[in-house]
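Chemist: next input, structure requested:
(chains A, B, C and D)
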4 protein chains.
Amino acid sequence: MKKSIILDPHPRTRELIFREADFLRLQSLAKIHECRKEKMPADQLDEFLPEASAVIGQTELSRKRLEKAVNLKAIVNVEGNFLQNIDYAYCFERCIYVLNAGIAFSQAVSEMALGFALCLARGLAEGDRRFRTGQEVYGAKSNTESFLLKKKKVGIIGLGNIGRTLIRLLEPFECLIRVYDPWLPDNYIKDFSLIPADLEQLLKSSQIIFVLAGATTENRAMLGGKELSLIGKEALFILVSRASLVDFKALTDLLSRGRFRAAIDVFPQEPFPENHPLRQLDNVLLSAHRAGSVQEAYKLMGEMTVDDLSLIFQGLPPVRLQRADRETVTQMSSKPIKG
Amino acid sequence: MKKSIILDPHPRTRELIFREADFLRLQSLAKIHECRKEKMPADQLDEFLPEASAVIGQTELSRKRLEKAVNLKAIVNVEGNFLQNIDYAYCFERCIYVLNAGIAFSQAVSEMALGFALCLARGLAEGDRRFRTGQEVYGAKSNTESFLLKKKKVGIIGLGNIGRTLIRLLEPFECLIRVYDPWLPDNYIKDFSLIPADLEQLLKSSQIIFVLAGATTENRAMLGGKELSLIGKEALFILVSRASLVDFKALTDLLSRGRFRAAIDVFPQEPFPENHPLRQLDNVLLSAHRAGSVQEAYKLMGEMTVDDLSLIFQGLPPVRLQRADRETVTQMSSKPIKG
Amino acid sequence: MKKSIILDPHPRTRELIFREADFLRLQSLAKIHECRKEKMPADQLDEFLPEASAVIGQTELSRKRLEKAVNLKAIVNVEGNFLQNIDYAYCFERCIYVLNAGIAFSQAVSEMALGFALCLARGLAEGDRRFRTGQEVYGAKSNTESFLLKKKKVGIIGLGNIGRTLIRLLEPFECLIRVYDPWLPDNYIKDFSLIPADLEQLLKSSQIIFVLAGATTENRAMLGGKELSLIGKEALFILVSRASLVDFKALTDLLSRGRFRAAIDVFPQEPFPENHPLRQLDNVLLSAHRAGSVQEAYKLMGEMTVDDLSLIFQGLPPVRLQRADRETVTQMSSKPIKG
Amino acid sequence: MKKSIILDPHPRTRELIFREADFLRLQSLAKIHECRKEKMPADQLDEFLPEASAVIGQTELSRKRLEKAVNLKAIVNVEGNFLQNIDYAYCFERCIYVLNAGIAFSQAVSEMALGFALCLARGLAEGDRRFRTGQEVYGAKSNTESFLLKKKKVGIIGLGNIGRTLIRLLEPFECLIRVYDPWLPDNYIKDFSLIPADLEQLLKSSQIIFVLAGATTENRAMLGGKELSLIGKEALFILVSRASLVDFKALTDLLSRGRFRAAIDVFPQEPFPENHPLRQLDNVLLSAHRAGSVQEAYKLMGEMTVDDLSLIFQGLPPVRLQRADRETVTQMSSKPIKG
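Modeler: Numbering: from 1, shown residues only, chains lettered A, B, ... in the order given. So this is what the prediction gives:
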């Protein structure tokens, strides 16, 4: 009997995730049961789950449902987040792979983070704004606050997929890079020729700070007023992972006083309040949750999904998507994305 | 007798070019004759030249003057350009080094060029502008024209100091890089793992085009309407070296019709006309000749100058500044910078 | 109650694996039960297992034993091989980590593999032998068969930990690298800027072939006479992973006829038969299973073990050692090492 | 009138230096006057020089001869050395390029130097010797003196073309590299992310020492007994540039007492005395001046020569060969190679 796969990517769509060639490969692996307009209704799920070998999506999978999914080998979360709507503990016992496609966004987010850093260090957006109103200043006089990235001190908060990609992009800049990541041993960080640091030391000594850690139940507002006050006057604060790590009120307050420069891609509420003071500051670069969501990243997600399901169905371990860890999957606290 | 140096950096200043430590090193090498407020007057020059071992600046040095400068070993041009106010042929015969400190700007211009590319590829400035007026679009919908730099086709026009620095910054992006440079043999370009190309092929096939060639008497308006029309709809055109290479009327025309995206740092007139249509286009990023002129670059200029004069005075060849080439120094056509 | 660890590294020793500082760290994590002279006797194991949180070694762990090890969180195999003396399936169900320290050998083996390649490409050992008997040939005449590694075609059989380390060492040589690995999808290989290839194509077209795959139940003698005959006359065949992949009789036969050059670090029997014809061939470089076993690699093993047990005991996932995969752990067929 | 070139490469040959395609390119540039069996006789030289635009070889060019060579634009030395048989001062006054093709050997010598380092660090040649006499030792017991290159302290004496190529090959090993080069300012060395050092400090602190400096009138026996005694017991001493830098008696003495390990490619006399004690030491790797002289290097020499003459004949500066420096060309003291 041919295997089957439940494709339930809502609010993503099949077309967003799969290039045609990849979807054809997926179809060659198994029969596809999908619901194209909405989350798959419970009755369909209950019908397809017993024979399904894989679920692609952020489908609710309670223990009761999983117990009926006797052929299930893998759940592929086509998102950067883990939702708490799956009985993960039971998946691990059953050796069902819980896979995350968020790694597909790493290149897009890293390139954006580097773009933010260069943009802030050299005043690109502000220079362009001035030019549009005929107020541009030419040459050295416009560069009194500009600096090179080369050989600067960098701080990375959270060395996950994005961080590991970003450090490759930073390599030719010969920066001295400190890393704060409480989930990683110092030797792991040193293996990448980076310097393990505590949060305080990193914030104080870095001229460019990248916030790349995922949201967990433990790191909510870890960057509060006290921590943010440690950031130097010349420094760049680049927030591309999750807004929940930062006390936005404190951040707004410090930025309003021109205490440092910042690029912000994620916000506690999206859309962000219309009259929020952050919207008018010259020392801030604003971006509407745009760092990861490029077409190429979504398509990579699909490609990785097909590659790994193909391996799993051949009796081999997956190698492209990221496997959830039993210990941390239940600490992931991001909210579901909206369609 | 202690050597002497004529320091005539106007419109640069001593303070702009030399960190205090480097100026102290310079003083330890030789007695410094300088004129701090303006170009050194002719009478002072005539007084100091006969014993001077080096001139730092863009001083006018006719054959007549040079003939009196019997101890002269080096002329250090603390600029990116060669002016045609020196009898270069006579310098070469006399084995007087003609050195150019423009190489000190390479890192600054390369970082800026990469920043421009990321900014345009991801719509950073436009996204920020929208955010400031409450018109931001969130996530994937705002990224329909965004793309990654990773593995893209890049074209470099002019592989000089800036180009060689930029390709190092591009390395982690794994781009396929074509180079057009009529002064270089194909094998030289291949040595850098780049692809030699003619101009037409480069313009047609590259998604990101960097114009990095210096201005010469031969490349004026080499990028005219015909050439610029070859650029693809999705492409980025990044102009950071000299405006004279481009037919600005043709460029403006194509950009007004949205034919591609561009970042422009140099203009045929600076300041640029106030009502110029380029100032209002969403597909253009504007920058007021800001790519090179950061503090760190000026200071590097001074450091390199002292290092090389120190070598020359010890009877060793200079290694940090760039030596002018007899064949090309008289083709350099850039206008003098203004103070 | 303080945790406990069973340390049963025989035939390794505690001193071989742990630097003093790392052993102190290990002691601070848990009470250590160890047997220093031999494999831990069954009675001691049965006594310590019920409370043990981790086992370090290649200890026999049948299902019956594991069922009593109710606190067991991790088994750390301080070897490059998985032995079939553990009920791995039960470990996976119980979510007991099965970790392999073989990754600690990757750098040592990769450096050796590169050393073998350079040694063969330039005739270092042979040149040295000739010098010792006064038969050296000077300069170009001695280099008629020498070649550079730069830009050569390389084939890698098995892209595991060693392969991924080796490609970093090869990067500055700008080689064109093909990879054959039936456990990996093409896109995974392309992600490293390598070229996926089938075995035949790789053997035919590569000037330097590295055999890096681990021994499995499926790849026994995969390089037989037919396959080895595809190797080109100028090529280097470098065998550093496992002897079982190669039909040694066929290899000996081809090498005796001077069909290509080879470096061999692993043998079907060790010690290798005294009068074996391979011992006298000028086109062969021989090494007595020395590629991995350097002091630094053993100590790294210990460091990684302590780092990961520390994480696991804190409720975090391990990040330095390699986790066994359910699908492949039972295919690993290497013989146990001898003391 | 077509230009002409004097090709006088003896003791090299045309075939050694030029691939057929490159020789065809050379012929398309100019009429070739060559003497194929020996140095070009004086009468032929005198006949061809007045119209010659370039000389390829190590031809004797006194001032008197050069004065007749009124069309001469370039002298290409197809060797690594400058001989003192040319009136260099007059060439510089006349702006005749003096070009050196030695740069073509950089890759070959660098790969060899890295091969020597790996070979010594891991005992490859000795291990192979033992295997051939049935005295091999397996595994860890044979590796008591082996070490990894990764993260080791390296010392480079002389950062010329070879050194700059070697540091690229060493990059993935993440070594800490000190450089001693009295012709270079510290900032130049730091630009490569290397550490400037004095000779004593370098010798004392480096585990791997590469001697890469060319022979000059000033550095004869700069590595005498006193200096060599500073080298550590575990260190590797790798001599690939010129024998004259080293006091060979002192070196032999220290190596005979097992004070460190060495690889030696150049000798004060070649052939080296038959009964010299260095020939029997286990801690020495011997190589008969084989580091540079591979076919690919000679052919690159020819390719670079044609590329640069083509540029010069077009009125452009050469970019591939190395230009002699007025200050140092007369300090080069290497002996001529023999045929």
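Chemist: for chain D, give me its nearest residue in the stretch 1-150 of chain A.
Modeler: Closest residue of the stretch 1-150 of chain A to chain D, C-beta to the nearest C-beta: A:Lys150 (10.7 Å). Where you see a C-beta, it was placed from the backbone N, CA and C, and this is true even at glycine.
Chemist: what's the spacing between that residue and A:Gln207?
Modeler: 11 Å (C-beta to C-beta, to the nearest Å).
Chemist: show me which of those two is the more surrounded one.
Modeler: Using other C-beta atoms under 10 Å in any protein chain shown as the criterion, A:Lys150 and A:Gln207 rank with A:Gln207 on top: 20 against 16.
Chemist: got a list of what that one touches?
Modeler: A:147, A:152-154, A:232, A:234-236 (C-beta atoms under 8 Å, 6 or more residues apart in numbering or on different chains).
Chemist: not counting its neighbours along the chain, what's nearest it?
Modeler: Distance criterion C-beta to C-beta, 6 or more residues apart in numbering or on different chains; nearest residue to A:Gln207, sequence neighbours excluded, is A:Lys152 at 4.7 Å.
Chemist: residues touching the one you found, list them.
Modeler: Contacts of A:Lys152 (C-beta under 8 Å, 6+ apart): A:173, A:175-176, A:207-208.
Chemist: the same query, at a cut-off of 7 Å, please.
Modeler: Residues in contact with A:Lys152, defined by C-beta atoms under 7 Å, 6 or more residues apart in numbering or on different chains, are A:175, A:207-208.
Chemist: what parts of the stretch 51-200 of chain A come near chain B?
Modeler: A:107-108, A:111-112, A:114-115, A:118-119, A:122, A:124-125, A:127-128, A:131-132, A:134, A:136-140, A:142-143, A:146-150, A:168-169, A:171-172 (C-beta under 7 Å from any C-beta of the partner chain).
Chemist: of these, select the buried ones using a ChimeraX command.
Modeler: The ChimeraX command for the buried members of these (criterion: 16 or more other C-beta atoms under 10 Å in any protein chain shown) is given here:
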select /A:107,108,111,112,114,115,118,119,122,124,125,127,128,131,132,136,137,138,140,142,143,146,147,148,149,150,169,172
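Chemist: among the contacts of A:Lys152, which ones are in strands?
Modeler: Judged by DSSP state E, the subset of these located in strands is A:Ile208.
Chemist: out of the contacts of A:Lys152, the closest to C:Glu67 would be?
Modeler: Taking C-beta to C-beta as the measure, C:Glu67 lies nearest A:Cys175 of these, at 51.8 Å.
Chemist: A:Gly155 is in contact with the closest one, correct?
Modeler: No: assessed by C-beta atoms under 7 Å, A:Cys175 is found out of contact with A:Gly155, at 9.9 Å.
Chemist: look at those two and report which has more neighbours.
Modeler: When neighbours are counted by other C-beta under 10 Å, A:Gly155 comes out ahead of the other of A:Cys175 and A:Gly155, with 28 against 20.
Chemist: so that one sits against A:Leu212, correct?
Modeler: No: here A:Gly155 lies out of contact with A:Leu212, judged by C-beta under 7 Å, at a distance of 10.4 Å.
Chemist: which stretches in the stretch 101-250 of chain A count as helices?
Modeler: A:106-122, A:124-132, A:161-170, A:186-191, A:199-205, A:225-228, A:248-256 (DSSP state H, counting those that start in this stretch).
Chemist: point out the most buried one among those.
Modeler: Highest mean neighbour count among the helices of the stretch 101-250 of chain A (mean count of other C-beta atoms under 10 Å in any protein chain shown): helix A:106-122, with a mean of 27.
Chemist: which bits of chain A sit near chain C?
Modeler: Looking at chain C, the residues of chain A close enough under C-beta under 7 Å from any C-beta are A:92-93, A:95, A:183-185, A:187-188, A:303, A:307, A:310-311, A:315-317, A:319-320, A:325-328.
Chemist: using PyMOL, define a selection of the buried residues within those residues.
Modeler: Per 16+ other C-beta under 10 Å, the buried members of the residues of chain A next to chain C correspond to this PyMOL selection:
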select buried, chain A and resi 92+183+184+185+187+188+303+307+310+311+316+317+319+320+325+326+327+328
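Chemist: next step: the residues of chain A next to chain C restricted to helices.
Modeler: A:92-93, A:187-188, A:303, A:307, A:310-311 (DSSP state H).
Chemist: buried ones in stretch A:32-42, by neighbour count?
Modeler: Counting neighbours by 16+ other C-beta under 10 Å, stretch A:32-42 gives A:33-35, A:39-40 as buried.
Chemist: who in chain A is up against chain D?
Modeler: Residues of chain A lying near chain D by C-beta under 7 Å from any C-beta: A:174, A:193.
Chemist: quick one: the strands in chain A?
Modeler: Counting by DSSP E, chain A has these strands, from start to end: A:4-8, A:31-34, A:52-57, A:74-77, A:97-100, A:153-157, A:176-180, A:195-196, A:208-211, A:236-239, A:261-264, A:284-286, A:322-323.
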